[in-house]
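J.: Fold the following, please.
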Amino acid sequence: MDVRNRDGDPVDPVPFLVCTAMAVMLLFSVGPLYGLAYGLPVWAGLAVATVGSVAVAAVAYHRLVWTATPPWVQIAPELRFQRLVYIGVGFAVLLLAVSVPLAL
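T.: Next up is the predicted model:
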């Protein structure tokens with residue numbers, strides 16, 4: 001599959017596919033259950049999971065394909081580590097937000 005970014009440089013589509021597939025699996029496996037915990041009907045939980053999946057796919061495409069840097073551009077290790085820390089903090093906040101219905 002020949003995928004190119006906005007500048008026409010070739011981009012590896014695998015990170016986009018993996019990110020999107022994992023998000024869809026996670027959202028559809030726990031989304032309706034947490035919707036029920038918040039008092040939503042099942043159809044609303046599925047609708048929220050669908051909207052979340054589309055949003056994650058759009059953001060992942062924009063970040064990992066459309067604005068991706070070409071493979072020959074190197075990112076400084078400090079910036080990569082900083083991004084990793086930000087992702088870890090965001091994931092921790094997400095886990096905390098998801099666990100709120102279980103604590104109440």
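J.: Could I get the contacting residues of the residue nearest to the spatial centre of the chain?
T.: Centre of the chain computed as the mean C-alpha position; nearest residue by C-alpha atoms, centre = their mean is Val56, 4.7 Å away. By C-beta atoms under 8 Å, 6 or more residues apart in numbering, the contact set of Val56 is 19-20, 23-24, 27. Where you see a C-beta, it was placed from the backbone N, CA and C, and this is true even at glycine.
J.: ok, and the most crowded of these?
T.: Leu27 (21 neighbours; other C-beta atoms under 10 Å).
J.: what comes up buried for the helix or strand hosting that one?
T.: Element membership for Leu27 (DSSP states H and E) is helix 14-37. Within helix 14-37, the residues scored as buried using 16 or more other C-beta atoms under 10 Å are 16-17, 19-20, 23-24, 27, 31-32, 34-35.
J.: for stretch 41-52, same thing?
T.: In stretch 41-52, counting by 16+ other C-beta under 10 Å, buried: 45-46, 48-49, 52.
J.: How about residues contacting it?
T.: 23, 27-28, 31-36, 40.
J.: Same list, those residues, but as TSV with distance to Asn5 and pLDDT please.
T.: Below are the contacts of stretch 41-52 laid out as TSV (distance: C-beta to C-beta, whole Å; pLDDT from 0 to 100):
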residue	distance to Asn5	pLDDT
Ala23	21	92
Leu27	26	92
Phe28	29	94
Gly31	31	87
Pro32	35	90
Leu33	37	87
Tyr34	35	84
Gly35	36	86
Leu36	40	88
Leu40	38	88
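J.: which one of the residues you listed sits closest to Trp66?
T.: Comparing those against Trp66 with C-beta to C-beta places Ala23 closest, at 17.2 Å.
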